[in-house]
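S.K.: Pasting a predicted model and its sequence here:
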Amino acid sequence: MNFLRIKGVFLCLLFYATTSAQVEKRSIDIKRTTDKIKIDGLLDDAAWKNAPVANKFTSLRPTPFLLESPDNASEVFFLYDNDGIYVGGYFHEKFKDSIAAELSGRDGMGNNDFAGIIFDTYNDKLNGFEYFVTPLGEQWDAKSSNSNEDFSWNAVWQSSAKMHNDGWSFEMFLPYSCIRFGKKNIQDWGMNIVRKRQKSGQQLFWQSIDPNKNGFLTQSGLIKGFENIKPPLRLQFSPYLSTYLNHDGSAIATDKTKTLVNGGMDVKYGINQAFTLDMTLVPDFGQVQTDNRVLNLSPFELRFAENRTFFTEGTELFNKGNLFYSRNIGRVGGKPLHYYEAGDDVKQGERLDKNPDQIKLLNATKISGRTQKGLGIGVLNAITKIQYANIYDSSSGSLRKFETEPLTNYSVFVLDQTLKHNSSVSLVNTNVLRSGKEYDANVTSALFDLFDKKNTYNVGGNISISNLVGKYGKGTTTGYAHNLYIGKASGRFGFSLYQDLYNDKYDKSDLGFFTNNNYMEEGIWMGYNWLKPKKWHNQMRINVNAWHNRLVTAIDPLKRKEFMLQNVGGNINGNAQTKKLWYLGFNFSVNGKSNDYYEPRHYGRFFTNSGNAALNLWYEGNSAKKLSFSASLYNKLGGVFNAHTAEYFGSAKLRFSKKFSIDNSVDVYDIRNQAGWASEKNDTTIFSRRNVKSVENTLNFKYNFSNKMGLTFRVRHYWSKVDPQQFYALNENGKLVTPSSPFTGNVNQNYNFMSADMVYNWQFAQGSFFSIVWKDIADDFDRHFERNYIKNFSKTIKGDQFNSLSVRVIYFIDYLTTKKNLKKKSI
């Protein structure tokens, strides 16, 4: 497959006629005030009487462009002064019980109506700041970039809300310190206002949004007339103190219980109106949620979510080009570089006394922002501590150190220039420098993403170069990769053609997430939507995909081109929202014969597998109900042993009140006659025909005492077993044959992992938190089966566990606010 062959198929579609409503661009002139406004959720301050109002919202969902009902009218008022922006609103409802309200904690959207204010302060239609409040006064915020919203970003601002018999009202105060903007004396910003009515499924906007047009900020209205606004000195400190009581039941040392006391600080400094420096000094990430560990049967590293706040907040610039995987800083979830070599270095009469498996982050700094002309600049730097294993000499009683991780510096540098028509060009560089004789790594990527004047057609891609210095005992190993795409992004019909190429030397794994190289994939995506409600549905979408993947360089010992194909396949996907606010969907996929160069775990060898077909059906209930369900059923058939895979997933959520809810999910995998790698014996790769079963059970409890204080409890148990039925040898043609000598090794696998996280969190002052966290972690791996799920769960609970009880206080200090308060006290 290539672009020239596909091009002819779409000549008639490139100018596909789509009807989009011509929407008038709305604007509002903001007014300066000198009056005091109390942020209490009530619009009873005199200043609001003469404030400009934004009203007459139109819906995006479920019916696009439908003007709101007078019974549900929306009114939002805007004022500003030298310190920030005031927003007040009243969302009318015919009945009070039409309001959806649930306490979910900060950044927990929950089952809520909400109001959202979106500012595009540079009016570049690419980057925005978003602030939301619920009827119970809880808030969350986000930064948006290229239509992607980053809800991990947090700012410090004020809000309050009140519920009434005929609706609910809210007030916000957004200090200039939580917004970035340019230097002009008179400024007009892009703006939109969103209202969610959860029980009816309505999502309404002040500036109407055409769902068939690409982009969200590209369709914003305007808020005009900011005069002589200047951000204050943005200098904020968040010192913390934490203490831990840890008990490790599996520790080798006799003293299994330890106490720790940590202290450090986060610093935020506004270099100017547009750029901010964030720094974390001696950070403590011990209270982050436990990873969802699983038994990994694949030849690749698994990707886990980043839970460390510093590396999730405001990182949209650093994520461009997909070169940055923040968990590689400190090798979170992995081991130090030479962790396993420490045991190999133990000599006769010695023993491994201590070998820490976690790497200490010393500090991390990031600088990011965007100039008035649309140039975004981001710099991130982090340093991890050198780490040693202790080896004890029993005869002399002495200790010697073995370096398992060198002192390492990680850095990311980004330039991102916004252009007209929602377009941009970017340059990204990542660099890893290690002390001593260890190798270094550097990756540079140039990106472009271009749209036509109507924001309908799109072409883009990136070119990337990687350099490994001193790895594999060589000088510098240079790799190349590129990605190219062209498509139609607006309208009811859309498509995209793409090509990805990674040569056999390309490697971004030191600071990016990376599984494999040496492949070229070409593919196509086509989609169509029906967004006007009909008899049974509110909206419906369908899309089809097809791809072809092959090696770039032949690597089997005989360099045979007929085995360079890796895989070819396609799928069709569909989903719909019904009138009852249910979601229904399906996926049907077909994969042809494939040559797998990774499953054998031996360079140059490959496994030829037969094709397969799979069907997935799923359902998601109306989450506004007190009791809601979701479920999916997946079945796949195919492969050399005609394997059958079945997955059954179900979840339920029960809300007892606005404060208390429980949800539970269960995921069951059952695979029969799967072909998979088992072992290596006498330079022969051994595969097995195996049965695999896994069960994942997750239970969550949430109780919120108020919109500032809450308690959550999450417990997860995961069990997986691998039961080989028969063994085979892999021959040079990728076939599985009877081994020359029987394989008798025990490669059974039975793995259990259980984690419990209980978190009490209290926001006792603006930006300041007190938290108590209890963690319990247990895992167990052996070669003998406990075939019963209950017995596996019981065995895991009775085994060695890691327990941690921690208390942490973080206090937010704003320099200017503290200075003003001290002046008042001195008068």
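M.R.: Structure received. Numbering: from 1, shown residues only.
S.K.: you'd agree residue 794 is in a strand?
M.R.: No: Residue 794 is assigned helix when assessed by DSSP: H, G, I helix; E, B strand; the rest coil, not a strand.
S.K.: And it, how far from residue 784?
M.R.: 15 Å (C-beta to C-beta, to the nearest Å). All C-beta atoms are positioned from the backbone trio N, CA, C, and that covers glycine.
S.K.: same deal with residue 814?
M.R.: Taking C-beta to C-beta, one finds residue 814 at 59 Å from residue 784.
S.K.: Then residue 284?
M.R.: Taken as C-beta to C-beta, the span from residue 284 to residue 784 is 39 Å.
S.K.: Pick out whichever of these two has more residues nearby.
M.R.: residue 284 (20 against 8; other C-beta atoms under 10 Å).
S.K.: Which secondary structure state does the more buried one sit in?
M.R.: coil.
S.K.: quick one: contacts for it?
M.R.: Residues in contact with residue 284, defined by C-beta atoms under 8 Å, 6 or more residues apart in numbering, are 240, 242, 262, 264, 808.
S.K.: quick one: contacts for the residue nearest the centre of the chain?
M.R.: Most central in the chain under C-alpha atoms, centre = their mean is residue 305, positioned 6.1 Å from the mean C-alpha point. Residues in contact with residue 305, defined by C-beta under 8 Å, 6+ apart, are residue 291.
S.K.: Go again with 10 Å.
M.R.: Neighbouring residues of residue 305 by C-beta atoms under 10 Å, 6 or more residues apart in numbering: 288-289, 291-292, 312, 327.
S.K.: Determine the three-state secondary structure at it.
M.R.: coil.
S.K.: cool, and the one 5 residues further on?
M.R.: Here residue 310 is helix, with the state taken from three-state DSSP.
S.K.: now residue 653
M.R.: strand.
S.K.: tell me, how many neighbours does it end up with?
M.R.: Neighbour number of residue 653 under other C-beta under 10 Å is 20.
S.K.: hang on, it packs against residue 664?
M.R.: Yes: counting by C-beta atoms under 10 Å, residue 664 is a contact partner of residue 653 at 8.1 Å.
S.K.: what touches both of these two?
M.R.: Joint contacts of residue 653 and residue 664 (C-beta under 10 Å, 6+ apart) are residue 700.
S.K.: Which residue ranges of the stretch 701-827 of the chain form helices?
M.R.: With DSSP state H, counting those that start in this stretch as the criterion, the stretch 701-827 of the chain has helices at 789-798, 815-826.
S.K.: Can you list the helices and strands that the shortest one packs against?
M.R.: Helix 789-798 makes packing contacts with strand 684-706, strand 709-730, strand 749-765, strand 768-782 when contacts are defined by 3 or more C-beta pairs under 10 Å, 6 or more residues apart in numbering; DSSP states H and E.
S.K.: Quick check: mean pLDDT of the longest one?
M.R.: Summarised as a single mean, pLDDT over strand 684-706 is 96.
S.K.: Can you list the strands that it pairs with?
M.R.: Take DSSP bridges as the rule and strand 684-706 pairs in its sheet with strand 660-681 (antiparallel), strand 709-730 (antiparallel).
S.K.: quick one: buried residues of the last one?
M.R.: This points to strand 709-730. Residues 709-714, 716-724, 727-730 are the ones in strand 709-730 that count as buried (16 or more other C-beta atoms under 10 Å).
S.K.: Worst mean pLDDT across the helices and strands of the chain, which element?
M.R.: Lowest mean confidence among the helices and strands of the chain (mean pLDDT, DSSP states H and E): helix 3-7, at a mean of 36.
S.K.: what does the helix or strand following it rub up against?
M.R.: For helix 3-7, the following helix or strand on the C-terminal side (DSSP states H and E) is strand 27-29. Identification of contacts with strand 27-29 by C-beta under 10 Å, 6+ apart yields 52-55, 76-78, 188, 191, 193, 206-207, 221-225.
S.K.: Name only those of the residues you listed that count as buried.
M.R.: 54, 76-78, 188, 191, 193, 206-207, 221-223, 225.
S.K.: could you dump these to a markdown table with pLDDT and distance to residue 457?
M.R.: Below are these laid out as a markdown table (pLDDT from 0 to 100; distance: C-beta to C-beta, whole Å):
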| residue | pLDDT | distance to residue 457 |
| --- | --- | --- |
| 54 | 96 | 33 |
| 76 | 97 | 35 |
| 77 | 97 | 40 |
| 78 | 97 | 36 |
| 188 | 95 | 28 |
| 191 | 96 | 27 |
| 193 | 97 | 30 |
| 206 | 97 | 29 |
| 207 | 96 | 24 |
| 221 | 95 | 25 |
| 222 | 96 | 26 |
| 223 | 96 | 30 |
| 225 | 93 | 35 |
